[in-house]
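J.: let's see this in three dimensions:
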Amino acid sequence: MDKLDQRLLNDFQRDFPLVARPYAALAESLGLTETEVLQRLERLTRNGAVSRVGAVFRPHTVGGSTLAALAAPPEELERVADLVSAYPEVNHNYQREHRLNLWFVVTAPSAEAVQAVLADISARTGLEVLDLPLLEHFHIDLGFDLKWN
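T.: Reported below is the predicted structural model:
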């Protein structure tokens with residue numbers, strides 16, 4: 001990963017350009033071509049440095065979403081986490097030190113689609129999925145200052 005990759009990952013977490021060709025705008029800021037930016041993002045995604053590029057909307061303003069959790073047997077946790085992460089509707093998942101040891105966020109075009117994803121995850125893992133719908137809105141800044149040496 002070079003300095004341009006680092007800038008691409010760090011500098012555009014907020015205020016992503018809302019223009020017809022956002023990657024061209026990023027490219028101009030970095031002194032690259034639009035194709036080079038897209039190739040870098042594709043490589044960074046393939047290597048696991050980027051999981052998604054996209055907007056974050058306040059819950060339930062566009063489609064549906066929920067926080068969910070399940071209790072995976074410790075020896076199955078990595079396999080179950082990989083299965084959950086493979087769903088395009090899953091933004092992220094994380095391990096917790098609790099009986100419910102895998103938590104994840106599902107977003108989809110509708111509440112019904114969210115429920116379908118949860119049901120499919122339950123069916124494929126054989127585990128009960130706990131749906132924890134949003135009761136109160138909070139703003140959490142999901143941007144992180146990434147520091148490299």
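J.: center of this protein - which residue?
T.: In the chain, the centroid-proximal residue (Cα atoms, centre = their mean) is Asn91; its distance is 3.0 Å.
J.: my guess is that one contacts Gly54, does it?
T.: No: counting by Cβ atoms under 8 Å, Asn91 sits too far from Gly54 to count as a contact (9.1 Å). Every C-beta, even on glycine, is put in place using the N, C-alpha and C of the backbone.
J.: quick one: secondary structure of the residue nearest to the centre of the chain?
T.: Assigned with DSSP: H, G, I helix; E, B strand; the rest coil, Asn91 falls in the strand class.
J.: residue contacts, it?
T.: When contacts are counted by Cβ atoms under 8 Å, 6 or more residues apart in numbering, Asn91 is found next to 52, 104-107.
J.: is it possible to export these to a markdown table including neighbour count?
T.: Shown next, in a markdown table, are these (neighbours: other Cβ atoms under 10 Å):
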| residue | neighbour count |
| --- | --- |
| Arg52 | 10 |
| Phe104 | 23 |
| Val105 | 16 |
| Val106 | 24 |
| Thr107 | 21 |
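J.: and which of the residues you listed is nearest Pro133?
T.: Val106 (10.7 Å; Cβ to Cβ).
J.: enumerate the positions of the longest helix along the chain that are buried.
T.: If you go by DSSP state H, the chain has its longest helix at helix 111-125. Within helix 111-125, the residues that qualify as buried are 114, 117-118, 121, 125, counting by 16 or more other Cβ atoms under 10 Å.
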